[in-house]
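*Asks:* let me see the structure of the following:
(2 chains)
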Protein chains: 2
Amino acid sequence: MTTLVIGANGQIGRQFCELAEAAGVPIRAMVRREEQHAWFEERGIATVVADLEGDFRHAFAGCDQVLFTAGSGPHTGPDKTLLIDLYAATRAVDLASELGLARFVMVSALRAEDPQAAPEKLRPYMAAKFAADAYLRGAGVPYLILKPGRLTDAPATCRVATSREEAGGENTVSRANVAHALLHLVQARALVDREFHLLDGERAIPEALA
Amino acid sequence: MTTLVIGANGQIGRQFCELAEAAGVPIRAMVRREEQHAWFEERGIATVVADLEGDFRHAFAGCDQVLFTAGSGPHTGPDKTLLIDLYAATRAVDLASELGLARFVMVSALRAEDPQAAPEKLRPYMAAKFAADAYLRGAGVPYLILKPGRLTDAPATCRVATSREEAGGENTVSRANVAHALLHLVQARALVDREFHLLDGERAIPEALA
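*Replies:* As a prediction, this is how the structure comes out:
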């Protein structure tokens, strides 16, 4: 019951991996370069080196679930958004489907539901996430899609909301809370084909994401 | 039985519109700006002004089929590739689905089937086309996907091939031949849920795309 973490070296990815390791949840962190190994090794986290723009099929061996939290991010070039956030995601979904994985957990974005409503500079990124989510929904792999609001570096509160109304109009969520939410979702194996918004709020994670 | 031509002002779009008008095939050319009207008006081609990055629902009124040949092209910025080639395509597909259109004819690209195998600088564009095609296949709208090879400005021969082997190893096709192929496909109403490669070759279009 090992979860392959694609995008493990990202800001949310690292926090998630630390939490999973501490909680004894079996994971394998996929990293792009050998040099990225060290950070994970120091923490006793299993890694596999694979390139999302190359062949990464070997990374799936022995894993029954994928957590996709890779992202070139909204501030890199849109060419990488196309190649990583969109195309690498579709390839990971295809591999999960072909290999019969139990579930694919996608970290998306709240604004991905309606890219046109996003601020102009974020629209290309949100369009990529929109299409990647649609691809996952249609692939036949059991899935979860988590859609965080605007990410912050605030510390974890482990208290969240799943709608803007519930969040008192705020649209932010800390990466730390996203990592905690993912730790819950990765273990909540009965949850499939569901999508959740995620914002900082007042509810305990297992209650909000049930 | 009017075909809405999205991307009418593009290089393939204009050639297609002239052919359709000459053949008496009812079309409506969707153009972005009022100034683009004149070229079509001079030729007696009906137009509708609508913006693919805005609301273009009104453009569909009275049309029963869509031809999507809009493209920011592989040489514009990848932000526009995300917004036009990918996201506007998905929105057009959603509208076609919602309005119950008879068919959606997509102009894709041969390389879109395997973006990783494309030359590096084309990969982001091909990733967008890959995802747009996948979105169309999953939308429940009857579709056709035409995948031309590398486009040239050679004159029409009206002779094509549907595989590289058949084309003697060549991977090019003239925009003029693509326009002629589209004229055939738009009228071949019985063809649905099919995909064709298109290269310059030796066969008559109705025989090759049957």
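*Asks:* could you check how many residues crowd around A:A208?
*Replies:* Neighbourhood size, A:A208 [other C-beta atoms under 10 Å in any protein chain shown]: 21. Where you see a C-beta, it was placed from the backbone N, CA and C, and this is true even at glycine.
*Asks:* distance from the chain centre to stretch A:44-60, please.
*Replies:* Mean-position distance between stretch A:44-60 and its chain equals 16 Å (C-alpha atoms, centre = their mean, to the nearest Å).
*Asks:* straight-line length of that stretch, end to end?
*Replies:* End-to-end distance of stretch A:44-60 (C-alpha to C-alpha, to the nearest Å): 19 Å.
*Asks:* got it, and stretch A:26-45?
*Replies:* Span of stretch A:26-45 from end to end, C-alpha to C-alpha: 9 Å.
*Asks:* list the buried residues for it?
*Replies:* Residues of stretch A:26-45 classed as buried by neighbour count (16 or more other C-beta atoms under 10 Å in any protein chain shown): A:27-32, A:36-37, A:39-40, A:45.
*Asks:* please enumerate the strands of chain A.
*Replies:* In chain A, the strands defined using DSSP state E lie at A:2-6, A:27-31, A:47-49, A:63-68, A:103-107, A:143-148, A:150-152, A:159-161, A:172-174, A:194-200, A:203-204.
*Asks:* for chain A, what's the longest helix?
*Replies:* Longest helix in chain A, counting residues (DSSP state H): helix A:123-137.
*Asks:* which residues outside it are in contact with it?
*Replies:* The set of residues external to helix A:123-137 that reach it, using C-beta atoms under 8 Å, 6 or more residues apart in numbering or on different chains, is A:73-74, A:78, A:81-82, A:85-86, A:89-90, A:93, A:104, A:106, A:108-109, A:111-116, A:118, A:143, A:145, B:78-79, B:82-83, B:86-87, B:90, B:131-132, B:134-135, B:138.
*Asks:* repeat that for 7 Å
*Replies:* By C-beta atoms under 7 Å, 6 or more residues apart in numbering or on different chains, the residues outside helix A:123-137 that reach it are A:74, A:78, A:81-82, A:85-86, A:89-90, A:93, A:104, A:106, A:108-109, A:111-112, A:115-116, A:118, A:143, A:145, B:79, B:82-83, B:86-87, B:90, B:131, B:134-135.
*Asks:* over to the residue lying farthest from the centre of chain A: give its phi and psi.
*Replies:* Farthest-out residue of chain A from its mean C-alpha position, per C-alpha atoms, centre = their mean: A:G168, at 24.8 Å. Backbone torsions for A:G168, taken as degrees, to the nearest 10, come to phi 70, psi 30.
*Asks:* pLDDT at it, what is it?
*Replies:* In this model, A:G168 is scored at 93, pLDDT.
*Asks:* likewise for the one 10 residues further on?
*Replies:* What the model reports for A:V178 is a pLDDT of 98.
*Asks:* one more: the one 4 residues further on?
*Replies:* Each residue has a pLDDT score; the one for A:L182 is 98.
*Asks:* roughly how far apart are the nearest residue to it once chain neighbours are set aside and A:F40?
*Replies:* Spatial nearest neighbour of A:L182, excluding adjacent residues (C-beta to C-beta, 6 or more residues apart in numbering or on different chains): A:F16 at 5.0 Å. Distance check for A:F16 against A:F40: by C-beta to C-beta, to the nearest Å, it reads 12 Å.
*Asks:* can you check A:K147 too?
*Replies:* Taking C-beta to C-beta, one finds A:K147 at 27 Å from A:F40.
*Asks:* check A:R164 too.
*Replies:* As for A:R164, its distance to A:F40 is 35 Å (criterion: C-beta to C-beta).
*Asks:* again with A:L198
*Replies:* Taking C-beta to C-beta, one finds A:L198 at 25 Å from A:F40.
*Asks:* any idea how far chain B is from the residue nearest to A:L182?
*Replies:* Applying C-beta to the nearest C-beta, to the nearest Å, the value for A:F16 to chain B is 26 Å.
*Asks:* same check on A:A112?
*Replies:* In this view, A:A112 and chain B are 11 Å apart by C-beta to the nearest C-beta.
*Asks:* A:V49 now?
*Replies:* Counting by C-beta to the nearest C-beta, the gap from A:V49 to chain B is 19 Å.
*Asks:* OK, contacts around that residue?
*Replies:* With C-beta under 7 Å, 6+ apart, A:V49 has these contacts: A:31, A:34.
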